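**Q** what's the 3D shape of this:
(one chain, ligands or ions: 1)
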Amino acid sequence: MAATLEVADLTVFYGKRRAVEGVSLAVGPGEVVTLLGANGSGKSTTLRAISGLVRPARGRILLDGRDVTQAPADAIVAAGVSHVPEGREVFPEFTVLENLLVGGHRVARGALPARLEGAFELFPILRARRRQLAGTLSGGEQQMLAIARALMTRPRLLLLDEPSLGLAPMLAREIFRTLARINATGVAVLLVEQNARRALRLAARGYVLETGRVAAAGTSRELAADARVRSAYLGLGQTAAPPCAGSAGSLG
Ligand code: ATP
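**A** Residues are numbered from 1 along each chain as shown. This is a model prediction of the structure:
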């Protein structure tokens, strides 16, 4: 079976500045894969290239084996990819409901009520706040709205850029619990996240970017045991037992 997403030798420039160089990665059907790396290492740019928001100078992007490297952003959405950008980017002057309807603007009218119901089941607080302006929501609620909005198109692949950024630990945990529930419905996830512990616990595999290149790749267990990952992203030495996906109850 073809990978849900396959990125091969991706290189992206902003003007003369090379942000991503020769990145190859894959996400299997229903898989959670994390993209780790320091600020400026090219994580967001990789997601933007996959969504068709920036044009690669080189490389190929395949969705279910179909080449979408040159496809416009709306065609990528139509192909089943939704992107939750860093900083959430909800429309602050629109209500919660209006934001969700923007996310669902391509959805057939008859299918909308079920999609909205799905969003409210996943995030009950959004139902309570549906008439409230999105700009008046807390950061955590805005993140929930951004995720719910992205799910309105029923994507097969969700690209998430730092969903826990700026959130209190309790809210971040709630977001991650919900991501696990979303994944359990079969949605594959490519997750950019500063909190490497949480990311490695949710993800089956990961890639580490350094100055635009893949510096390490492996299962979450392998990455969590990798000396460089442990010191740079987990703040750990080399002796403790590594955390592993799905069973690291003591971490985070
Ligand atoms: P962060 O965690 O800070 O979001 P990141 O790993 O997502 O970092 P990118 O945002 O992809 O990294 O940035 C990669 C490189 O590209 C950085 O050197 C950054 O300064 C540069 N860059 C990002 N966006 C632009 C832009 N719109 N114009 C010019 N350079 C950019």
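
**Q** alpha carbons only for contacts and neighbour counts from here, please
**A** OK.

**Q** Considering only the stretch 101-250 of the chain, name the residue that lies closest to the ligand.
**A** Nearest residue of the stretch 101-250 of the chain to the ligand (C-alpha to the nearest ligand atom) works out as residue 212 at 6.7 Å.

**Q** tell me the contacts of that residue?
**A** Going by C-alpha atoms under 8 Å, 6 or more residues apart in numbering, residue 212 touches 18-21, 23, 41-43.

**Q** does residue 106 sit in a helix or strand, and which one?
**A** Residue 106 belongs to no helix or strand when assigned by DSSP states H and E.

**Q** Which pLDDT value goes with it?
**A** Residue-level confidence at residue 106 comes out at 84, pLDDT.

**Q** rewinding a little: out of the contacts of residue 212, who's near the ligand?
**A** 19, 41-43 (C-alpha under 6 Å from any ligand atom).

**Q** still on that earlier bit, taking the contacts of residue 212 together, which two end up most distant?
**A** For the contacts of residue 212, the maximum inter-member distance is 12.8 Å, found between 18 and 43 (C-alpha to C-alpha).

**Q** Which of those two has more residues huddled nearby?
**A** Of the pair residue 18 and residue 43, residue 43 is the one with more neighbours under other C-alpha atoms under 10 Å, namely 28 against 14.

**Q** Is it correct that the more buried one is in contact with residue 190?
**A** No: using C-alpha atoms under 8 Å, residue 43 makes no contact with residue 190, being 10.5 Å away.

**Q** and for those two, which residues touch both?
**A** Joint contacts of residue 43 and residue 190 (C-alpha under 8 Å, 6+ apart) are residue 35.

**Q** Are any of the contacts of residue 212 buried, and if so which?
**A** Among the contacts of residue 212, those scoring as buried are 19-21, 23, 41-43 (criterion: 16 or more other C-alpha atoms under 10 Å).

**Q** Could you export these as JSON lines, including secondary structure?
**A** Shown next, in JSON lines, are the buried ones among the contacts of residue 212 (DSSP: H, G, I helix; E, B strand; the rest coil):
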{"residue": "19", "secondary structure": "strand"}
{"residue": "20", "secondary structure": "strand"}
{"residue": "21", "secondary structure": "strand"}
{"residue": "23", "secondary structure": "strand"}
{"residue": "41", "secondary structure": "coil"}
{"residue": "42", "secondary structure": "coil"}
{"residue": "43", "secondary structure": "helix"}
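
**Q** export those residues to CSV and tack on pLDDT?
**A** Shown next, in CSV, are the buried ones among the contacts of residue 212 (pLDDT from 0 to 100):
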residue, pLDDT
19, 96
20, 97
21, 97
23, 98
41, 94
42, 96
43, 96
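
**Q** so which of those comes closest to residue 173?
**A** Using C-alpha to C-alpha, the buried ones among the contacts of residue 212 come closest to residue 173 at residue 43, 21.8 Å.
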